[in-house]
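> sequence plus the predicted model coming up.
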Amino acid sequence: MKKQIVHTIKKLSIVALVITISSCNNAKSDQQKETFKLQYNEPAEKWTEALPVGNGSLGAMIYGGVLQEHIQFNEETLWRGQPHDYSHEGAGEYLGEIRNLLATGKQLEAQKLAQEHFMSDPIKQIHYQPFGDIYFDFKNHENYKNYKRELNLNNAVSSVSYTVEGVDYKREVLSSFPDQIIAINVSASKEKALNFDLWLDAIHEDKSVVTSNNTQTLVVKVKDGVLWGVSTLKIKTDGTVTTTDGKLQITDASNATVYLSAATNYVDFNDVTGTPETIVPETLVKVQDQSFEFVKEKHISDYQSLYNRFQISFGDNGKSKNPTDKRIADFSKTPNDPQLVALYVEYARYLTIASSRPGTKPATLQGIWNDKLTPPWFSSYTTNINLEMNYWPVEMYNLSECHEPLFDLIEDLSITGAKVAKTHYNADGWIVHHNVDIWRGAAPVNASHHGIWLGGAAWLSSHIWEHYLFTQDKEFLKKRYPLLRNAALFYSQFLYEDPNTGYLISSPSNSPEIGGLVAGPTMDHQLIRALFKTTIEASKILDQDAEFTSTLKPMINKIAPNQIGKHGQLQEWMEDKDNPENHHRHVSHLWAVHPGNEINFDETPDLMQAAKQSLEYRGDNGTGWSLAWKINFWSRFKDGDHAYKLLHKLLSPAERPNGKVGGGSYPNLFDAHPPFQIDGNFGGASGILEMLLQSQLKYIELLPALPSTLPEGHVSGILARGGFELAFSWEAGTLKNVSVLSKSGMPCVLKYGDKSIEFETKAGKTYNFDGLLSKKS
């Protein structure tokens, strides 16, 4: 794994300067990029108050304590378990019987049979694990003042500063992608004023710590698994380092730098022969003679080559000076903090860069941050909404290469999912159900009434197509086309003719986490139609595989269609049984509204109205990620004020005055399901961008759902499908100007309000227009 990251770093370092100079040339604003920070006036007491840093593989949560600093850290490949085939031998023998039971209305019997003979072996997947903890104990710092704790999103550095008896103390922490380390610098404004103890620890039962000279090494082994890891910290200082009671004791210093590296024996889902005992010291040797400032400079250069491509502003009414936790609390009362809305988008971009870099694993339910041996939902990859939501905004906010870890995961799943397809469904191609772990389990897990969901391969495949639409990268499409093709191959063999209606349907499956095991959930059919259409289109673009895709074309119109039910709603199932009083967090049957586009105002206005009715029935409350999805829906419905109403809820404190916790945001702006799930951060950012720009149809629409609460602003470096990068601004709710950089030379259609224009473009050329879409010279 580390070798793959190092190879990626070498490739990226060659182009980093080019990216920094050339990206977003059309989108540069007259203003400097706004400074975005999370800031606080006191240390964190809870994990959801601590501040995250990450480089895609090494993540850390910084509490910012004064007497004791606690930095909890993770390495992305430390999981329980071992290489394992989760498929259930003989499961396919029961497929026909399960289908027949569902077709005759015997749902409970079908679920029981499936639970006994069709589920994953073992029935549960495996946990992501914390790695360890770094502790600093500072001497005589009880009486401090001028405390400040912050995370600067512009340079991805977390800092703590305060004063004790006239001496200023400062700590900075970063997680470097170029050097693959966590770097910490501690300083005092007075010589010999810095005195502290430093040590490593972990909550694992099987652990050991070895201290020597200026280094300490922690070795941990996971419970119920084969993975183990090594982490070593190395300190250099102008003071004195001694060893006392298993701790490094630093005295009479004014500056100290700590570098930490961590690795495990994980190589890939089939290989655990890695050598962390050699990788970690080799990593530290490369930086041991480098100053913190030099490491920091490299880190910032790398980070900003991604972060600086995009900027967004809704104005600042002065509230940005307040502590972030106060801003969230104030927003819940009066949602009038436009800079907080922009901060939320930039924080999502920061979290994307910190948790998903080329060569690393994709972001889990919690990104790369987890402090529990048994985390909620195992901190795994949940594919019936959450994993995909993590990547909804990645193309729009100009972090396209951060999408790559998801594509690598899909490649892995095409291997393990092929075994599941054959074993469980007697089909070729590949499939994945609702949950995945680091061992790439693709079989149905937990319980049949929600674990047997057949949309995973289709939904994940849509990200391949979306990446192509935004980048127009035919080489990428050619490389990843087999994933589309083989997912479509599976569904072409899996779909069967419903004996009751004659339609081709998905069975057995479920509408995610609601209604139990059924035949023909609406969402599945939306996903499969979309997959077939994109596979056909990709085949045409690449001029290959026409014989196979010709078999898909006649199937599309035979798949059970979207239906409008007796309440005027879009039916969630083939049967008209939706309950208007059900306010469930999942709204899966609206997938074709967002992130799909099969249902839209232009082509299917009646279905769009029915989908809107369904969303109204679901209500405006929900978990954090559910609120985020609804923001995207209301943006697609072009109701910006309703979308903002839900953003108001998402940006309100999750921890209620009555002691309860609900959907919203924690003090560190992590999204609360509750508990913390990072998908809501990314989904919320996606919804805000959808207010400003939509390109899911055959045109780019500007300000399609602008809320009245965001009457002015500008955005630059935002991407649209077709290979376009845009910058535009608005005042008093009205578009003022827009520039369009064509990256691929495709024809462009711009729409604003009732006006649209179409024009040819040349790759690399920028086109400028005023607020009426009249071309500017």
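Perfect, thanks for sending it.

> so R585 is in which element?
Assessed by DSSP states H and E, R585 sits outside every helix and strand.

> correct me, but it touches G622?
Yes - applying CB atoms under 8 Å, one finds R585 in contact with G622, separated by 5.1 Å. All C-beta atoms are positioned from the backbone trio N, CA, C, and that covers glycine.

> quick one: which of these two has more around it?
G622 (24 against 20; other CB atoms under 10 Å).

> what about the more buried one, distance to K630?
With distances taken as CB to CB, to the nearest Å, G622 is found 7 Å from K630.

> which residues are in contact with each of these two?
Here G622 and K630 have no joint contacts, going by CB atoms under 8 Å, 6 or more residues apart in numbering.

> for the closest residue to M523 other than its chain neighbours, give me the pLDDT.
Distance criterion CB to CB, 6 or more residues apart in numbering; nearest residue to M523, sequence neighbours excluded, is S588 at 4.2 Å. S588 is assigned 98 on the pLDDT scale.

> S588: neighbouring residues, count only.
S588: 24 surrounding residues under other CB under 10 Å.

> what's the answer for V518, then?
25.

> tell me the bridge partners for it.
V518 forms beta bridges with S509, as assigned by DSSP bridges.

> for it, give its distance to V345.
37 Å.

> with L484 instead?
Counting by CB to CB - L484 and V345 are separated by 30 Å.

> what's the helix or strand for S187?
Per DSSP H and E: strand 181-188 holds S187.

> what does K236 give?
Per DSSP H and E: strand 228-237 holds K236.

> by contact count, what packs against that strand?
The helices and strands touching strand 228-237, judged by 3 or more CB pairs under 8 Å, 6 or more residues apart in numbering; DSSP states H and E, are strand 68-75, strand 194-201, strand 215-221, strand 247-253, strand 255-264, helix 276-287.

> can you redo these as TSV with mean pLDDT?
Below are the helices and strands packed on strand 228-237 laid out as TSV (pLDDT from 0 to 100):
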stretch	mean pLDDT
strand 68-75	99
strand 194-201	98
strand 215-221	99
strand 247-253	98
strand 255-264	99
helix 276-287	98
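
> mind checking which of those is nearest D578?
Taking CB to CB, strand 68-75 is the member of these nearest to D578, at 41.1 Å.

> run through who's touching that closest one.
Against strand 68-75 from outside (CB under 8 Å, 6+ apart): 47, 50, 57-63, 128-138, 160, 171, 173, 182, 184, 229, 231, 260, 262-264, 368-371.

> need the next SSE after that strand, C-terminal direction.
Strand 68-75 is succeeded, C-terminally, by helix 95-103 (DSSP H and E).

> need the contact partners of that next one.
By CB under 8 Å, 6+ apart, helix 95-103 touches 107, 109-110, 113-114, 118, 424-426, 496, 498-500, 507-508, 517-519.

> show me how far it is from its chain's centre.
Put simply, helix 95-103 sits 36 Å off its chain's centre (CA atoms, centre = their mean, to the nearest Å).

> buried residues, the following helix or strand past that helix. List them.
Next along the chain after helix 95-103, taking DSSP H and E as the criterion, comes helix 107-117. Applying a neighbour-count criterion of 16 or more other CB atoms under 10 Å, one finds 107, 110-115, 117 buried in helix 107-117.

> which one of those is nearest P605?
Q107 (34.0 Å).

> with adjacent residues omitted, what lies nearest to the closest one?
Distances taken as CB to CB, 6+ apart put G516 closest to Q107, at 5.7 Å, once the chain neighbours are dropped.

> got it, and V341?
The nearest residue in space to V341 (CB to CB, 6+ apart) is F314, at 5.6 Å.

> ok, that neighbour - how many residues close by?
24.

> what of K145?
By the criterion of other CB under 10 Å, K145 has 8 neighbours.

> quick one: mean pLDDT over the helix or strand containing it.
Assigned by DSSP H and E, K145 belongs to strand 144-152. The pLDDT scores in strand 144-152 average 99.

> who are the packing partners of the next helix or strand after that strand?
Per DSSP H and E, the first helix or strand lying C-terminal to strand 144-152 is strand 157-164. Secondary-structure packing of strand 157-164 (3+ CB pairs under 8 Å, 6+ apart): strand 51-54, strand 144-152, strand 167-176, helix 292-307.

> I'd say S665 and K649 touch.
No - using CB under 8 Å, S665 is not in contact with K649; the gap is 9.6 Å.

> between the two, which has more neighbouring residues?
Neighbour count, other CB under 10 Å: between S665 and K649, S665 has more, with 30 against 20.

> distance of that one from T324?
9 Å.

> next SSE after the helix or strand bottoming out on mean pLDDT in the chain?
The helix or strand of the chain with the poorest confidence is helix 2-22; it has a mean of 50 (mean pLDDT, DSSP states H and E). Using DSSP H and E, the helix or strand that follows helix 2-22 in sequence is strand 37-40.

> now the residue nearest to T324 when sequence neighbours are not counted: how far from A685?
The shortest distance from T324 to any non-neighbouring residue, by CB to CB, 6+ apart, is to L38 (4.7 Å). Distance from L38 to A685, counting by CB to CB: 15 Å.

> and those two? which has more neighbours close in?
Between L38 and A685, A685 has the larger neighbour count (other CB under 10 Å), namely 27 against 22.

> how close does that one get to Y381?
From A685 to Y381 the distance is 19 Å (CB to CB).

> ok, the residue nearest to V341 touching D337?
No - F314 is beyond contact range of D337, at 9.2 Å (criterion: CB under 8 Å).

> who's in contact with stretch 554-561?
492, 495, 498, 501, 503-505, 520, 522, 525, 528-529, 532-533, 574.

> give the buried subset of the residues you listed as a ChimeraX selection command.
With 16+ other CB under 10 Å as the burial test, the buried ones among those are selected in ChimeraX as follows:
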select :492,495,498,503,504,505,520,522,525,528,529,532,533,574
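
> which of the contacts of stretch 554-561 fall in strands?
Those of the contacts of stretch 554-561 mapping onto strands are 504-505, per DSSP state E.

> can you map out the helices along the stretch 401-550 of the chain?
With DSSP state H, counting those that start in this stretch, the ranges of helices along the stretch 401-550 of the chain come out as 404-425, 448-451, 456-471, 474-494, 522-542, 546-556.

> and those helices as a markdown table, adding mean pLDDT?
Listed next are these as a markdown table, based on pLDDT from 0 to 100:
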| stretch | mean pLDDT |
| --- | --- |
| helix 404-425 | 99 |
| helix 448-451 | 98 |
| helix 456-471 | 99 |
| helix 474-494 | 99 |
| helix 522-542 | 99 |
| helix 546-556 | 98 |
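
> these two touch, right, the residue nearest to T324 and L51?
Yes - using CB under 8 Å, L38 is in contact with L51, at 6.3 Å.

> any common contacting residues for the two?
By the contact definition CB under 8 Å, 6+ apart, L38 and L51 are jointly contacted by 150-151, 668.

> list the contacts of the spatially most central residue of the chain.
Centroid-nearest residue in the chain, with CA atoms, centre = their mean: N390, separated by 2.5 Å. Counting by CB under 8 Å, 6+ apart, N390 makes contact with 356, 362-363, 406, 678-679, 682.

> just the ones of the residues you listed in helices?
Of the positions in the contacts of N390, 406, 679, 682 sit in helices, assigned by DSSP state H.
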